[in-house]
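Sequence first, predicted coordinates after that:
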Amino acid sequence: MAGKEKEKDREITFRIEEHIGVIATSSTGWKKELNLVAWNGSSAKYDIREWDENHAHMSRGITMNKDEVKALSELLNGLALE
């Protein structure tokens, strides 16, 4: 999937290289997803953010490289969730 979004008069390009999974779905139908996304022609990074149904519009999110995802995974694995 590829697309463009205009933000404050600058064009942002993106390509979803791999859809990994849906974390949650809001009442509006937008989905919080984990994907591998290439932004502005750069190499793909892990990305968490909400997307509309067609992946044409998105919320602000967070991008992480492989080492950051490994560190996050270790932190999450150490949580005592009930």
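Thanks, I have it.

Go ahead and confirm G41 touches E11.
No - using C-beta atoms under 8 Å, G41 is not in contact with E11, being 11.6 Å away. All C-beta atoms are positioned from the backbone trio N, CA, C, and that covers glycine.

Which neighbours do those two have in common?
Counting by C-beta atoms under 8 Å, 6 or more residues apart in numbering, G41 and E11 have no shared contacts at all.

Look up phi and psi at A71.
Per-residue torsions, A71: phi -60, psi -40 (degrees, to the nearest 10).

Where do the strands of this protein begin and end?
According to DSSP state E, the chain carries its strands in the segments 2-7, 10-25, 31-39, 45-51, 62-64.

what's the shortest one packed up against?
In this case it means strand 62-64. If contacts are counted by 3 or more C-beta pairs under 8 Å, 6 or more residues apart in numbering; DSSP states H and E, strand 62-64 sits against strand 45-51.

Now do the strand it packs on against strand 10-25, angle only.
80 degrees (axes from the mean of the first three to the mean of the last three C-alpha atoms, to 10 degrees).

got the contact list for strand 45-51?
Outside strand 45-51, the residues that reach it (C-beta under 8 Å, 6+ apart) are 20, 23, 26, 30-39, 57-66, 68-69.

List only buried entries from those residues.
Using 16 or more other C-beta atoms under 10 Å as the burial test, the contacts of strand 45-51 include W30, K31, K32, E33, L34, N35, L36, V37, A38, M58, T63 as buried.

beta partners for the residue lying closest to N65 once chain neighbours are set aside?
Nearest residue to N65, sequence neighbours excluded (C-beta to C-beta, 6 or more residues apart in numbering): K45, at 5.7 Å. For K45, the beta-bridge partners are V37 (DSSP bridges).

low pLDDT regions in this structure?
1-9 (pLDDT under 70).

at 50 what do you get?
The chain contains no residues with pLDDT under 50.

Quick check, T63 in contact with V37.
Yes - the criterion here is C-beta under 8 Å, and T63 meets it with V37 at 7.1 Å.

Next, count neighbours for E11.
If you count neighbours by other C-beta atoms under 10 Å, E11 ends up with 9.

in the sheet, who's paired with it?
With DSSP bridges as the rule, E11 is bridged to K6.
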